[in-house]
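>>> Requesting a structural model of the entry that follows:
(chains A, B, C and D)
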Protein chains: 2
Amino acid sequence: MKPIKISEAVVRRLPIYLRFLNELSVSNIHTVSSQELGEKLDLNPAQIRKDLAYFGEFGRKGVGYNVDYLIEKIRQILKLDKTLNVALVGTGNLGRALCNYNTYIKDNMKIVAVFDADESKKGSMINRLTVQPMNELKETVQQLDISVGIITVPAAEAQNVADQFIASGVRGILNFAPVVLKAAPGVRIHHADFTAELLSLAYYMDSINGSNEGDEF
Amino acid sequence: MKPIKISEAVVRRLPIYLRFLNELSVSNIHTVSSQELGEKLDLNPAQIRKDLAYFGEFGRKGVGYNVDYLIEKIRQILKLDKTLNVALVGTGNLGRALCNYNTYIKDNMKIVAVFDADESKKGSMINRLTVQPMNELKETVQQLDISVGIITVPAAEAQNVADQFIASGVRGILNFAPVVLKAAPGVRIHHADFTAELLSLAYYMDSINGSNEGDEF
DNA sequence: TAGATTGTTAATCGATTAACAATC
DNA sequence: TAGATTGTTAATCGATTAACAATC
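Below is the predicted model:
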């Protein structure tokens, strides 16, 4: 409970830990060391220990970490111990794919409303949810206690959607549109920017010789 | 042409620059300063200047950067001046969404082949491409000179697909499956890990008061 | 007890930012 | 010339890694 500022890099790794620990748990493995974790997740064991130690003493010296206990603790840290309701705007291919992808549920994040600016899509169904028009956004966000918004609209409309989300009271946004969005203070925006990931991949793509690093320039 | 090692953080920003410069270009804006770039992209202007200066002197003191010239240069740096062929494995919702999403084309990355382990999908069409079975992967990668692979299969199969990609000669992989993949040296793997982005968002979601940072712990 | 592994401090490494001379 | 903005060095900040005492 010390008021130490946790860096973003640390927070970003927590879901990675959680995910692998879940795998261990279903495989009935009950103890894991930072060593093993590091090997599987391609991370330095010291880093893993340090990351976890920011939040408490979860391990046992000489033994390692109890898998299920650590899962419980990380879920608490990430505030995934109670369900977060999510709204999605943009029912193109990607938006529909995400709606159908209900992995979230086991992680306590659940898409509970879907919107599209295209009025002609109003009323169509996606994975048991009815597509709603944008003018219902604010009311729905408040009624369903939605705290997270997902944006899967074209780049040109993304900031507008973000603004509407924020005005509705959403406090976190996951943006898939290839633009940098601005948020009001107190609202957190994460970017799922796979086109950037893909293009930056190209940079590393010349070295026929096997050198992993971009050279030449 | 100095042999200076460019950091990943720098390379990851280049597509962000490129994307915004493209917007400026279509708006007929021909000059931009690091100042303006920084404001729009939420980055420090000094950082932008430094990033670009790793690769050459692209600006003019007292003036700024020529938009179209900078676009050309960044595309060269990222090796997007010639088309890279891409294969995708996994034709679930997400895979199909990505196939239809042909933004890549203008960036010289083109999905030219699609595969699925499910034999029953063999022969079906996605955006003008015929879904092929996995046993054709290697041959196709070599024949079509495919250098990048996209993985959109379930987590449990992702490493296997990655291994097949690597054995086929692919040198870059964009992985959408929620697992950490291991690569042979000389093969670059980028992770498009949106579930992790979503879960880490939850961490920042409590502060009703508007403080942006995770506190309490 | 002997062996293992944590939690944590100190050392290192890398990335961001500030500042400013150079110059358009 | 005066104003603006780059390229670059130096200063700062932050994140990773090594090392080891504590202890199970």
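>>> Are the helix ranked longest in chain A and DNA strand D in contact anywhere?
Ranked by residue count under DSSP state H, the longest helix found in chain A is helix A:8-26. Yes - Helix A:8-26 is in contact with DNA strand D by CB under 7 Å from any atom of the strand, via A:Glu8, A:Ala9, A:Val10. Yep, even glycine has a C-beta here, placed from its N, CA and C like the rest.
>>> Let me have these in TSV, extended by neighbour count and pLDDT.
Formatted as TSV, those follow (neighbours: other CB atoms under 10 Å in any protein chain shown; pLDDT from 0 to 100):
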residue	neighbour count	pLDDT
A:Glu8	13	93
A:Ala9	9	95
A:Val10	19	97
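>>> nearest to DNA strand D, of those?
Proximity of the residues of helix A:8-26 next to DNA strand D to DNA strand D (CB to the nearest atom of the strand) peaks at A:Ala9, which lies at 4.3 Å.
>>> show me the contacts for that closest one.
For A:Ala9, no residue meets the contact criterion (CB atoms under 8 Å, 6 or more residues apart in numbering or on different chains).
>>> Could you rerun that using 10 Å?
Residues counted as contacts of A:Ala9 (CB atoms under 10 Å, 6 or more residues apart in numbering or on different chains) are A:Gln47, A:Asp51.
>>> likewise A:Met125?
A:Val114, A:Val131.
>>> would you list every one of the helices in chain A?
A:8-26, A:34-41, A:45-53, A:67-77, A:93-100, A:137-143, A:155-168, A:194-203.
>>> Just name the most buried of those.
helix A:194-203 (a mean of 23; mean count of other CB atoms under 10 Å in any protein chain shown).
>>> model confidence over it, on average?
Taken as a whole, helix A:194-203 has a mean pLDDT of 94.
>>> Likewise for stretch A:157-176?
The predicted confidence, averaged over stretch A:157-176, sits at 97.
>>> Number of residues surrounding the residue in chain A that DNA strand D sits nearest to?
Nearest to DNA strand D in chain A, going by CB to the nearest atom of the strand, is A:Gly62, at a distance of 2.1 Å. If you count neighbours by other CB atoms under 10 Å in any protein chain shown, A:Gly62 ends up with 6.
>>> and what of A:Pro185?
7.
>>> Phi, psi for it please.
phi -60, psi 140 (degrees, to the nearest 10).
>>> ok, it to A:Leu80 distance?
24 Å (CB to CB, to the nearest Å).
>>> would you turn the helices of chain A into TSV with distance to A:Asn175?
Formatted as TSV, those follow (distance: least, CB to CB, whole Å):
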stretch	distance to A:Asn175
helix A:8-26	16
helix A:34-41	26
helix A:45-53	26
helix A:67-77	24
helix A:93-100	12
helix A:137-143	16
helix A:155-168	6
helix A:194-203	12
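>>> pLDDT weak spots in chain A?
By pLDDT under 70, the low-scoring segments of chain A are A:1-4, A:102-106, A:207-217.
>>> Enumerate the residues of it near DNA strand D.
A:7-10, A:43-44, A:46-47, A:49-50, A:60-63.
>>> same thing but 6 Å
Residues of chain A lying close to DNA strand D by CB under 6 Å from any atom of the strand are A:Ser7, A:Glu8, A:Ala9, A:Asn44, A:Ala46, A:Gln47, A:Lys50, A:Arg60, A:Lys61, A:Gly62, A:Val63.
>>> For the nearest residue to the fifth one once chain neighbours are set aside, list the residues it contacts.
What sits nearest to A:Ala46 in space, not counting adjacent residues and going by CB to CB, 6 or more residues apart in numbering or on different chains, is A:Ser34, at 7.4 Å. Applying CB under 10 Å, 6+ apart, one finds that A:Ser34 lies in contact with A:43-52, A:59, A:64-65.
>>> cool, A:Phe194 as well?
A:94, A:176, A:178, B:98, B:101, B:150, B:174, B:176, B:190-194.
>>> If we check DNA strand C, which of these are in contact?
Answer for those near DNA strand C: none qualify (CB under 6 Å from any atom of the strand).
>>> JSON lines for the residues you listed, including distance to B:Asp116?
Putting those into JSON lines (distance: CB to CB, whole Å) gives the following:
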{"residue": "A:Leu94", "distance to B:Asp116": "19"}
{"residue": "A:Phe176", "distance to B:Asp116": "23"}
{"residue": "A:Pro178", "distance to B:Asp116": "26"}
{"residue": "B:Leu98", "distance to B:Asp116": "13"}
{"residue": "B:Tyr101", "distance to B:Asp116": "18"}
{"residue": "B:Ile150", "distance to B:Asp116": "13"}
{"residue": "B:Leu174", "distance to B:Asp116": "17"}
{"residue": "B:Phe176", "distance to B:Asp116": "14"}
{"residue": "B:His190", "distance to B:Asp116": "22"}
{"residue": "B:His191", "distance to B:Asp116": "21"}
{"residue": "B:Ala192", "distance to B:Asp116": "19"}
{"residue": "B:Asp193", "distance to B:Asp116": "22"}
{"residue": "B:Phe194", "distance to B:Asp116": "21"}
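>>> buried subset of the residues you listed?
A:94, A:176, A:178, B:98, B:101, B:150, B:174, B:176, B:190-194 (16 or more other CB atoms under 10 Å in any protein chain shown).
>>> Okay, and which of those map to strands?
Within these, residues falling in strands by DSSP state E are B:Ile150, B:Leu174, B:His190, B:His191.
>>> and the second one, what are its bridge partners?
When bridges are taken as DSSP bridges, the partners of B:Leu174 come out as B:Ile150, B:His190.
>>> which stretch among the helices of chain A comes nearest A:Ser120?
helix A:93-100 (15.2 Å; CB to CB).
>>> Which elements pack onto the closest one?
Packing contacts for helix A:93-100, counted by 3 or more CB pairs under 10 Å, 6 or more residues apart in numbering or on different chains; DSSP states H and E, involve strand A:84-89, strand A:109-115, strand A:125-126, strand A:129-132, strand A:146-151, helix B:93-100.
>>> Rebuild these as CSV, extending it with distance to B:Gly38.
Output for those, formatted as CSV (distance: least, CB to CB, whole Å):
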stretch, distance to B:Gly38
strand A:84-89, 28
strand A:109-115, 32
strand A:125-126, 39
strand A:129-132, 37
strand A:146-151, 23
helix B:93-100, 31
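>>> What's the separation between the residue nearest to A:Gly149 when sequence neighbours are not counted and chain B?
Nearest residue to A:Gly149, sequence neighbours excluded (CB to CB, 6+ apart): A:Phe165, at 4.0 Å. Look at A:Phe165 and chain B: by CB to the nearest CB, to the nearest Å, they are 13 Å apart.
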